[in-house]
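1. okay, predicted coordinates and the sequence, questions at the end:
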Amino acid sequence: MTGSWGWDLLIGIAIALLAAWLVLIGTLALVRPRGGLLREALRLLPDVLRLVRRLAADPGLPRGVRVRLALLLAYLAFPIDIVPDFIPILGCADDAIIVTAVLRSVVRRSGLEAVRRHWPGTDDGFTVLTRLTGLDKPQPLPEQ
């Protein structure tokens, strides 16, 4: 390319990072909540944050689940997002999408009862959460 292996390496890494970021953006666009679900997800965000904190602190949950939840909390606290907020629709939705994916993972490993036990909001809010995350559909049995 440039004749200098250092610059070629740097350009290659930059292109690979850009390609990975574009794939991630495309994936987020495909799995984002449809219709009014995004608005409902943003409305539930304070309760969901309390839920994630409570689940991460529960010593009865598998260690891998608690680590995942702690990493999620760290990501949510970090000021730089995967998708910048100025990008329409996805800019504000990336946090909700990532929380949804992690909660699905938690339910697969720990069961819906653990999430219900730690839910700090109303019953209606929990119903919206299960519908939003797809947890209202039958889940496979937790791994042992």
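-> Yes, it's here. From a predicted model like this one, the values you see are computed outputs, not experimental measurements. Numbering: from 1, shown residues only.
2. what's the burial count for L18?
-> Look at L18: counted by other Cβ atoms under 10 Å, it has 10 neighbours. For every residue, glycine as well, the C-beta is placed using N, CA and C.
3. so it, which state does it fall into?
-> helix (DSSP: H, G, I helix; E, B strand; the rest coil).
4. tell me how far it lies from I11.
-> Going from L18 to I11 by Cβ to Cβ, to the nearest Å gives 11 Å.
5. ok, now D47?
-> D47 is 45 Å from I11, by Cβ to Cβ.
6. quick one: low-confidence parts of this protein?
-> Low-confidence regions of the chain, defined by pLDDT under 70, span residues 1, 25, 28-42, 85, 88-93, 137-144.
7. what ranges do the helices span in it?
-> Here the chain has its helices, by DSSP state H, at 5-31, 37-57, 63-77, 90-110, 112-118, 123-133.
8. now, of those helices, which is deepest in the fold?
-> Mean neighbour count (mean count of other Cβ atoms under 10 Å) peaks for helix 90-110 among those, with a mean of 19.
9. and the residue nearest to the spatial centre of the chain, what does it touch?
-> What sits nearest the mean C-alpha location of the chain, by Cα atoms, centre = their mean, is I98, with 1.5 Å. By Cβ atoms under 8 Å, 6 or more residues apart in numbering, the residues touching I98 are L72, Y75, I82.
10. need these in TSV (columns: distance to S110).
-> Output for these, formatted as TSV (distance: Cβ to Cβ, whole Å):
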residue	distance to S110
L72	14
Y75	20
I82	25
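11. just these now: which is nearest G26?
-> The shortest approach to G26 among the contacts of I98 belongs to I82, at 12.3 Å (Cβ to Cβ).
12. so what's that closest one up against?
-> Listed by Cβ under 8 Å, 6+ apart, the contact partners of I82 are W21, L24, L28, D94, I98.
13. state the distance from the second one to L18.
-> In other words, L24. Per Cβ to Cβ, L24 is found 11 Å from L18.
14. try the fourth one
-> Using Cβ to Cβ, D94 is found at 17 Å from L18.
15. what of A56?
-> Distance, A56 to L18, using Cβ to Cβ: 33 Å.
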